[in-house]
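[1] This is a predicted model, with the sequence first.
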Amino acid sequence: MAPSSSHPHPAASHEPAPHAPAPHAADPHGTGHHRHGHAAPDGAGPRDGLARLLDLDAELFAPYRAGVLDRLAHLAGDGVSRITDLGAGTGTGTFALLERFPGARVTAVDTSPDMLALLTAAARERGLDGRLATLEADVTEGPPGPAGADLVWASAALHHFGDPAASLAGIRAALRPGGLLAVAEMDGMPRFLPEDVVPDRPGLEGRLRAALDALHAERVPHLGDDWGAHLTAAGFTVELEHAEDLELRAPLPEGAGLYAYLVLARVRETLDGRVAGEDLAALDALVGGGPDDVRHRDDLVVRTRRELWVARRPGDTA
């Protein structure tokens, strides 16, 4: 996949294209899935912290997602009326789909009843509950959502499943002939820190990321897979592959410091006992509320790589 570059700017608080999330691409583990509980800020529960993290990711990278959704709408064409959002999370992607496809009804699928409850409440507040259905389900247990979908969106979700072939077979069965599947992923933990953010521990972020990569190899072996190859093997026709390196620099949009904090706080808990104690102490200084806390710094640069595959279920032949 050939990379390109983008420099997003502050954007509206909705997610103009789903990704995602969900599971969500915002998860620093690169696993991003809301099944896992982790530390949250200011006494909030772990799900509250994850929900805020997912929403911030949607806000900060809204311009990129707008472009993704435009590409998807072009490929989908007119007449999209049935959409399934896999790993819907808090619903940032779901609401983006509802906005971009105003004639469509969306089924939001998630393993977490808590996330689905948040999504349902938000839809009611927005007056969109009449166009939304929710389903607590796991794609590995069968076709996700109602059959005959025009579009299935899977944002940072498929890498969680142990058998990509089985998961894609279920999704293929849920699509109508000619329907589209969009797979959105990211390359793991976003980057934020200068090389010398902690002078006594240069290269801190690189070591944290290497430790996460090792953990992913154990727990999430399909993170970073070539989904184009998986899709082709599952009988889809891949119509679009796109990768983009995104970067946010000063002046950073509101929420960027909190986004860095939420990611790094989750990394801190995940890597406890897996990296040197000196690195954990350095990380503590960056998320501990003191003068070096990332929420108060002006030297952050937010970097992340996002990937997209769009594939079509071939039409039935006579």
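    In hand now; what should we look at?
[2] burial count for Ala233?
    11 (other Cβ atoms under 10 Å). C-beta coordinates here come from the backbone N, C-alpha and C atoms, glycine included.
[3] I meant to write Asp213 there.
    Neighbours around Asp213, by other Cβ under 10 Å: 15.
[4] What sits closest to it if chain neighbours are left out?
    Excluding the flanking residues, the one nearest Asp213 by Cβ to Cβ, 6 or more residues apart in numbering is Gly188, at 6.8 Å.
[5] Hmm, that neighbour is touching Leu212, no?
    Yes. Using Cβ atoms under 8 Å, Gly188 is in contact with Leu212, at 6.2 Å.
[6] what's the spacing between Val68 and Thr120?
    Here the criterion is Cβ to Cβ, to the nearest Å. By it, Val68 lies 25 Å from Thr120.
[7] Compare the two and say which is more crowded by neighbours.
    The residue with more neighbours, out of Val68 and Thr120, is Val68; 24 against 16, by other Cβ under 10 Å.
[8] The more buried one: which element?
    helix 62-76 (DSSP states H and E).
[9] Could you do Pro251 as well?
    Per DSSP H and E, there is no helix or strand for Pro251.
[10] What segments of the chain are helices?
    For the chain, helices defined by DSSP state H occupy the ranges 46-60, 62-76, 92-100, 113-126, 164-174, 204-219, 227-233, 256-270, 277-287.
[11] residues in contact with the last one?
    So that's helix 277-287. With Cβ atoms under 8 Å, 6 or more residues apart in numbering as the test, helix 277-287 has contacts from 193, 197-198, 200-201, 204, 207-208, 261, 264-265, 267-268, 271-272, 292-294.
[12] Is it possible to mark the buried ones in these?
    Among the contacts of helix 277-287, those classed as buried by 16 or more other Cβ atoms under 10 Å are 193, 197-198, 201, 204, 207-208, 261, 264-265, 267-268, 271, 293-294.
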